[in-house]
Every structure is written in C-alpha cells, then in structure tokens.
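Visitor: quick one, fold the following:
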Amino acid sequence: MPLEIVHVRKSDTILREKGMEADVADTLAYIEQSLYGNMHRGELLREVLEEMGWRGNGESLNILEKRRYRYKGVKNEVAIEGNFSAYEFILEGLFRLQVGFDKGMIEAGILLLTSQRSENTPYGNTKKMVTEEIDMLYPTISLPVSVALFDLGGPITPDEKGGG
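Guide: So this is what the prediction gives:
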C-alpha cells in the first residue's frame, strides 16, 4: 500500500497557505524511501528530517519547557510527530501535537503512523479509521492535522536486497 495522507480540520489549507505543500510531499516521500525495509527507523527519520530542514532550523522542538518531550521536527509552525511501531500511537501523537497547538507553538501537525494493522482487525480501512477516531476525539483533540500512513514493510535482509 503506498503512502496515504488524511487531512483533518483543513490542515491541507494551512499547509497550502504556508506554501508547504511541496515541502511536506517531498519530506514524506523521502521518509518512505529512506525507511522502507530498514530496522533503525528512529535514527534514519532524524537524519531525513534534519536534511529536509525540520530539525535545527531555529524553531524549538520542545513540547514542554524543562522537559525532554520533543517533536520529531518543526518547520514554519508545523510540527511532525510519529511512530512506525504501532498504529495505536495515534493517541499519544495527537496529544503531543495538541499540546503545542494549545500553547500557540504550532498551527498544525503532521502525524506519521504505520498503516500496518492486524489481519484480524474488525475496523476495516485504516484511512477511514483515522478520520473516525480523530472525529471521536473532538473536542479534546481539535488541532488541524495531517496523518501520513506508511507501509514501510519489514526489515529486508541482505539476501533479499540482492546482496551476499
């Protein structure tokens, strides 16, 4: 399944108004290309976001002062948060983004999640489920957010890559 993006509460309009549509699309494509089949996704994600200007660009990654809670990246008042281990990170990720939104630190968020779920799940389509869950969380979660759903596959061994 290719990368899917779900825009909620007009997050796509905010990205367009900020002139970030191409930047976000390029960043998400680069994340997908770099992390597909790799095991050490956290480190690779930091490198990709650094290269794409989402880290160390003068904007604070801190969510709360004097704490180690940090976004994966921030650019032009848009924060990126995510986890590729479990879809259930949706709750924690949305909460972390909401804190920054409520404090006026960000105008919108981008949440990176895995689209992979159990084959036995009764919930159907992941894209539809994301929209329904975010709607159910309102008014607690009210920020404009774009959710990027990745299928990054499992780790690829050297033999599968065609190597030795």
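
Visitor: the residue nearest to the spatial centre of the chain: what's its closest spatial neighbour, skipping adjacent residues?
Guide: Residue closest to the average C-alpha location in the chain (C-alpha atoms, centre = their mean): Leu112, at 2.0 Å. Once flanking residues are discounted, Leu112 sits nearest to Gly82: 2.7 Å by C-beta to C-beta, 6 or more residues apart in numbering. In short, each C-beta sits where N, CA and C put it, glycine included.

Visitor: ok, now Lys72?
Guide: Using C-beta to C-beta, 6+ apart, the nearest residue to Lys72 is Ile80, at 4.8 Å.

Visitor: returning to what we had before: the helix or strand harbouring the residue nearest to Leu112 pairs with which strands?
Guide: According to DSSP states H and E, Gly82 maps onto strand 78-83. Here strand 78-83 is paired, per DSSP bridges, with strand 73-75 (antiparallel), strand 108-114 (parallel).

Visitor: quick one: the shortest one to chain centroid distance?
Guide: Pointing back at strand 73-75 there. Mean C-alpha position of strand 73-75 versus that of the full chain (C-alpha atoms, centre = their mean, to the nearest Å) differs by 11 Å.

Visitor: mean confidence (pLDDT) on it, please.
Guide: The average pLDDT within strand 73-75 is 97.

Visitor: same question for the longest one.
Guide: For strand 108-114, the mean pLDDT works out to 96.

Visitor: let me know the next secondary structure element after it.
Guide: helix 126-136.

Visitor: for that following helix, name the packing helices and strands.
Guide: For helix 126-136, the packing partners by 3 or more C-beta pairs under 8 Å, 6 or more residues apart in numbering; DSSP states H and E come out as strand 4-8, helix 89-102, strand 145-150.

Visitor: and stretch 138-157, average pLDDT?
Guide: The model assigns stretch 138-157 a mean pLDDT of 89.

Visitor: give the buried residues for it.
Guide: Ile141, Leu143, Pro144, Val145, Ser146, Val147, Ala148, Leu149, Phe150, Leu152 (16 or more other C-beta atoms under 10 Å).

Visitor: so how far is it from its chain's centroid?
Guide: Relative to its chain's centre, stretch 138-157 lies at 5 Å (C-alpha atoms, centre = their mean).

Visitor: helices and strands of the protein: which one bottoms out on pLDDT?
Guide: Lowest on mean pLDDT, DSSP states H and E among the helices and strands of the chain sits helix 126-136, with a mean of 91.

Visitor: re the thing from before, residues contacting the residue nearest to Lys72?
Guide: Residues in contact with Ile80 (C-beta atoms under 8 Å, 6 or more residues apart in numbering) are Thr27, Leu49, Trp54, Tyr71, Lys72, Gly73, Val74, Gly109, Ile110, Leu111, Leu112.
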